[in-house]
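Participant: Coordinates for the following, if possible.
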Amino acid sequence: MDKRIDFLLRIGVAFAFLYPPISALVNPFAWVGYFPLFVTNLFPNAILLLHTFGVIEVVIALWILSGKNIFIPSVLAVAMLVGIIVFNLSQMDVLFRDIPIILMAVALALTHFKKSPTSSPAQ
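Facilitator: Numbering: from 1, shown residues only. Next up, the predicted model:
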């Protein structure tokens, strides 16, 4: 893949993972509602849960931006976004935007997937 295209994909996915935790510092109640009820019941301090999740988002974003071994954070990004959509289907009018981000992260994961070296048959 062209390095410029790869860089643009990484910026796009990283931005999608950096914006929510930064915004949650200013207005946490705009974001805490995306956690499923069973999760917020397990963690009584929803704001602490939100900011902990935000730290994970920042780590994923910075890892993707670094360009090093980004298969793993790309797969984690896909899993997180799929989970957000699955547990918030009633909010699809907003979350439809996550589908293109998922596809960008899938493209990054596929591009950066390192196949295990195959051994050549004995001759």
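Participant: Please make it C-alpha for all contacts and neighbour counts, starting now.
Facilitator: Noted.
Participant: Tell me where this structure is predicted with low confidence.
Facilitator: Within the chain, the ranges that satisfy pLDDT under 70 run 115-123.
Participant: So which residue is dead centre in it?
Facilitator: A77 (2.4 Å; Cα atoms, centre = their mean).
Participant: what's the closest non-adjacent residue to it?
Facilitator: Nearest non-adjacent residue to A77, counting by Cα to Cα, 6 or more residues apart in numbering: A105, 6.6 Å away.
Participant: which ones are touching that neighbour?
Facilitator: A105 makes contact with L9, V13, S74, V75, A77, V78 under the criterion Cα atoms under 8 Å, 6 or more residues apart in numbering.
Participant: Quick check on those residues: which are buried?
Facilitator: Using 16 or more other Cα atoms under 10 Å as the burial test, those include L9, V13, S74, V75, A77, V78 as buried.
Participant: these two touch, right, the residue nearest to the centre of the chain and I60?
Facilitator: Yes. Judged on Cα atoms under 8 Å, A77 makes contact with I60 at a distance of 7.1 Å.
Participant: This structure: helices as residue ranges?
Facilitator: 3-26, 37-42, 46-66, 71-86, 92-95, 98-111 (DSSP state H).
Participant: any idea how far the residue nearest to the centre of the chain is from S23?
Facilitator: 18 Å (Cα to Cα, to the nearest Å).
Participant: before we move on, what about N69?
Facilitator: 27 Å.
Participant: Same check on V13?
Facilitator: Counting by Cα to Cα, the gap from V13 to S23 is 16 Å.
Participant: In stretch 7-21, which of the residues would be classed as buried?
Facilitator: For stretch 7-21, burial by neighbour count (16+ other Cα under 10 Å) applies to L9, R10, I11, G12, V13, A14, F15, A16, F17, L18, P20, P21.
Participant: Let me know the closest of those residues to W31.
Facilitator: Checking the buried residues of stretch 7-21 against W31 by Cα to Cα gives P20 as the nearest, at 7.4 Å.
Participant: any idea how far that closest one lies from A14?
Facilitator: Applying Cα to Cα, the value for P20 to A14 is 11 Å.
Participant: Then I47?
Facilitator: Per Cα to Cα, I47 is found 22 Å from A14.
Participant: what does L62 give?
Facilitator: 7 Å.
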